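In: Sharing a model that was predicted from the sequence below.
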Amino acid sequence: MLQIYCPYCQELREETEFSYSGEAHIARPLEPQQLTDAQWADYLFFRTNPRGIHHEMWYHASGCRRYFNATRNTQTYEIYETYPLGQQPALTCDIGGKR
């Protein structure tokens, strides 16, 4: 079972306490009403889904009920770091030119 460290609870807990919430660090449109349908669809549905190091958002559903980010290797499932929302990761990568 995967163990995840919650940066708010400051505890290592089992994966079953958490929910995956998608890719982290996605720039939200400031004025979504100004986007074309194609631009809005791109924002809503298309993610990088890389093989290797990836920044993800997680939710601690059975704990503090807060969102945080994690840097995880999608091939090995190894989690390198977790950090609160609003902070930048210590381990950075350039995936698809979006970082």
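Out: Looks like it came in fine.

In: so the spatially most central residue of the chain bridges to which residues?
Out: In the chain, the residue lying closest to the centroid (C-alpha atoms, centre = their mean) is Glu56, at 1.8 Å. Glu56 has these beta-bridge partners by DSSP bridges: Glu23, Ala70.

In: can you pull the contacts of it?
Out: Tyr20, Ser21, Gly22, Glu23, Ala24, Asn69, Ala70, Thr71, Arg72 (C-beta atoms under 8 Å, 6 or more residues apart in numbering). (Each C-beta comes from the backbone N, C-alpha and C, glycine too.)

In: Relative to Gln10, how far out is the fifth one?
Out: Pointing back at Ala24 there. 20 Å (C-beta to C-beta, to the nearest Å).

In: who's in contact with stretch 18-36?
Out: Contacts of stretch 18-36 (C-beta under 8 Å, 6+ apart): 4, 6, 39-40, 43, 47-48, 54-62, 67, 69-70, 98-99.

In: Of those, select the buried ones using a PyMOL command.
Out: Buried residues within the contacts of stretch 18-36, by 16 or more other C-beta atoms under 10 Å, are selected in PyMOL with:
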select buried, resi 4+6+54+55+56+57+58+59+60+69+70
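
In: mind checking the SS state of Cys64?
Out: Assigned by DSSP: H, G, I helix; E, B strand; the rest coil, the conformation of Cys64 is coil.

In: Give the burial count for it, as a bare number.
Out: 16 (other C-beta atoms under 10 Å).
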